[in-house]
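Colleague: quick one, structure for this:
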Amino acid sequence: MPATLLEPQAVSQTTHPARNIRRTVLPNGLLVLTESMPHMRSVSMGAWIASGSRDEPAAENGLSHFVEHMVFKGTATRSAQDIAREVDSIGGNLDAFTGKESVCFNIKVLDENMPPALDVLSDLVLHPKFSTADLEREQGVILEEIKMDEDNPDYLVHETFTQNFWKNHPLGRPILGTVKTVSSFDQQTVFDHHRRRFTPENMVFSAAGHLHHEEFLSLVAEKFGSLLPAGSPAVAQETAPTTTAHITLKKKRSLEQVQMCLGVPAPPINHPDRFAIYLLNSMLGGGMSSRLFESIRENEGLAYSIYSELSPFRDAGSLSVYAGMSLDKTDRVLDLTLVELRRLKQETVSDAELKRAKDQMKSNIVLGLESSSSRMSNLARQQMYFGRFFSVDDIVSEIDRVTPAEVQRLANQLFQPGLIALTLLGNLGPMKIDRSRLVC
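Modeller: Numbering: from 1, shown residues only. Down below sits the predicted model:
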């Protein structure tokens with residue numbers, strides 16, 4: 001490896017001594033992050049593309065996910081079978097996923113197998129073959145995946161809600177794309193996307209586990225140092241999405257249950273109130289002791305599945321409630337959901353309830369960082385969304401600062417009847433819902 005890959009332009013720094021996090025920018029602009037975990041025997045590493053399905057033009061909806069699939073079909077020097085056999089021979093776990101705002105290709109192996117694992121991972125990320133025969137086969141696979149998801153009522157109600165909530169905005173489009181868009185992709189489209197998005201300035205390479213930063217950096221620089229900057233932004237700047245307080249009743253007679261998704265706009269992922277909002281969500285519907293679970297499932301027996309969830313993005317977000325119930329129980333479930341929203345607005349949560357939510361959240365964070373793969377993901381996400389790293393103590397301190405008054409203030413800001421969106425999916429018959437029903 002030429003010494004110039006790391007000298008003199010590469011900028012390296014210890015970013016968070018408490019977590020032994022190191023950060024280096026290679027001369028070509030690629031950001032490399034590591035967290036050394038000496039007690040581990042594993043190493044997890046991932047190449048993160050800092051753009052996802054929301055960054056696609058409408059005609060290319062689903063292309064990020066399609067390319068994620070295609071890189072596994074072979075490279076200039078490896079077939080798909082070669083990739084699978086090499087990973088299996090070192091006991092590795094190779095995976096990838098596409099989200100609204102990122103794509104990740106990752107592998108987890110024993111520390112002694114880190115060099116061959118990085119060789120395979122870098123090869124499929126940087127040198128995919130994208131043959132026309134593979135492309136046509138994978139189109140068929142993804143079209144079946146789209147059909148499969150459309151047969152899943154839980155997925156379908158969320159997708160219907162999202163498309164209408166972020167109406168006419170890329171954030172509302174499905175990650176998988178549509179039958180029309182996926183069928184239109186050709187080899188040139190795929191190569192162009194790879195050239196635009198898989199660039200040093202649009203990529204973060206993170207790793208965690210039993211590794212030494214300088215040694216690992218040398219391996220990454222050898223594989224990725226020749227990757228050239230794009231010369232122009234990979235993703236065009238866009239305005240933040242606006243939400244639509246829609247009421248959508250979608251009839252599907254084949255379903256035994258009615259699926260409900262009710263939601264409101266929420267702040268973006270880096271908002272100062274984010275910890276209070278996570279705690280509010282936890283108390284509302286985040287577990288078996290939550291208000292919605294106890295009221296609708298335990299006390300009334302109206303639904304098997306009932307929960308709330310936060311979906312924060314870089315410039316927007318949503319807080320939504322999901323439930324699945326029989327048609328004759330739908331009105332009651334909707335009313336009880338609105339009752340719980342109203343209670344959070346009108347009544348200050350007790351110190352005991354807030355403490356339970358805080359303890360649950362802190363426990364989830366600590367337990368969630370016990371593997372090298374979760375640390376690797378945490379590194380990349382904190383870099384992409386915050387540009388800095390938080391220790392567990394940092395986060396616990398922020399959680400402990402949240403007060404009952406803050407939770408009530410946020411409930412009043414979020415749960416405004418004029419902002420509530422609702423989707424019902426199922427054998428709805430003559431059911432009608434108007435905005436007067438959504439008072440909370």
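Colleague: name the SS class of the nearest residue to Arg332 once chain neighbours are set aside, please.
Modeller: Among residues not flanking Arg332 along the chain, Leu302 sits closest, at 5.9 Å (CB to CB, 6 or more residues apart in numbering). The way it works is simple: take the backbone N, C-alpha and C, and place the C-beta from them, glycine included. Assigned by DSSP: H, G, I helix; E, B strand; the rest coil, the conformation of Leu302 is coil.
Colleague: so what's the residue count around Leu302?
Modeller: Leu302 has 18 neighbouring residues, counting by other CB atoms under 10 Å.
Colleague: in the stretch 251-400 of the chain, where is pLDDT below threshold?
Modeller: Along the stretch 251-400 of the chain, no part satisfies pLDDT under 70.
Colleague: can you give me the strands in it?
Modeller: For the stretch 251-400 of the chain, strands defined by DSSP state E, counting those that start in this stretch occupy the ranges 258-265, 305-312, 317-325.
Colleague: wasn't His69 part of a strand?
Modeller: No. His69 is assigned helix when assessed by three-state DSSP, not a strand.
Colleague: now the helices: where do they sit in the stretch 301-440 of the chain?
Modeller: Secondary structure of the stretch 301-440 of the chain, counting by DSSP state H, counting those that start in this stretch: helices at 330-346, 351-368, 372-386, 392-401, 404-414.
Colleague: and for the stretch 1-150 of the chain?
Modeller: Under DSSP H, counting those that start in this stretch, the stretch 1-150 of the chain gives helices at 63-70, 80-89, 114-126, 132-150.
Colleague: distance to Asn106 added to those helices, as JSON lines?
Modeller: Listed next are the helices of the stretch 1-150 of the chain as JSON lines, based on distance: least, CB to CB, whole Å:
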{"stretch": "helix 63-70", "distance to Asn106": "11"}
{"stretch": "helix 80-89", "distance to Asn106": "12"}
{"stretch": "helix 114-126", "distance to Asn106": "8"}
{"stretch": "helix 132-150", "distance to Asn106": "20"}
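Colleague: now, of the ones you listed, which is deepest in the fold?
Modeller: Comparing the helices of the stretch 1-150 of the chain by mean neighbour count (mean count of other CB atoms under 10 Å), helix 63-70 ranks first with a mean of 23.
Colleague: what packs against it?
Modeller: Judged by 3 or more CB pairs under 8 Å, 6 or more residues apart in numbering; DSSP states H and E, helix 63-70 is in contact with strand 93-98, strand 103-110, helix 132-150, helix 187-197.
Colleague: what comes up buried for the shortest one?
Modeller: Neighbour counts over strand 93-98 (16 or more other CB atoms under 10 Å) mark 94, 96, 98 as buried.
Colleague: in contact with the first one, which residues?
Modeller: Right, Leu94. 83, 87, 106-107, 120-121 (CB atoms under 8 Å, 6 or more residues apart in numbering).
Colleague: any idea what it is bridged to?
Modeller: On the basis of DSSP bridges, Leu94 takes part in beta bridges with Ile107.
Colleague: now swap in the last one and tell me
Modeller: As for beta bridges, Thr98 partners with Val103 under DSSP bridges.
Colleague: sorry, back to before: mind putting the strands of the stretch 251-400 of the chain into JSON lines with distance to Leu156 and mean neighbour count?
Modeller: Below are the strands of the stretch 251-400 of the chain laid out as JSON lines (distance: least, CB to CB, whole Å; neighbours: other CB atoms under 10 Å):
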{"stretch": "strand 258-265", "distance to Leu156": "7", "mean neighbour count": "24"}
{"stretch": "strand 305-312", "distance to Leu156": "14", "mean neighbour count": "19"}
{"stretch": "strand 317-325", "distance to Leu156": "12", "mean neighbour count": "23"}
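Colleague: Ser374 is nearest to which of those strands?
Modeller: Proximity to Ser374 (CB to CB) singles out strand 305-312 among these, at 18.3 Å.
Colleague: so what's the residue nearest in space to the middle of the chain closest to, chain neighbours aside?
Modeller: For the chain, the residue nearest the mean C-alpha position is Gly99 (5.1 Å; CA atoms, centre = their mean). The spatially closest residue to Gly99, leaving aside those adjacent along the chain, is Gly52, at 4.9 Å (CB to CB, 6+ apart).
Colleague: quick one: pLDDT of that neighbour?
Modeller: What the model reports for Gly52 is a pLDDT of 97.
Colleague: same deal with Ala3?
Modeller: On pLDDT, Ala3 comes in at 31.
Colleague: next one: Pro233
Modeller: pLDDT for Pro233: 62.
Colleague: could you do the one 10 residues further on as well?
Modeller: Here the pLDDT value assigned to Thr243 is 96.
Colleague: that one is in what secondary structure piece?
Modeller: Assigned by DSSP states H and E, Thr243 belongs to neither a helix nor a strand.
Colleague: that one and Ile420 touch, don't they?
Modeller: No. Thr243 is not in contact with Ile420 according to CB atoms under 8 Å; the separation is 10.3 Å.
Colleague: distance of Pro38 relative to Ser51?
Modeller: 34 Å (CB to CB, to the nearest Å).
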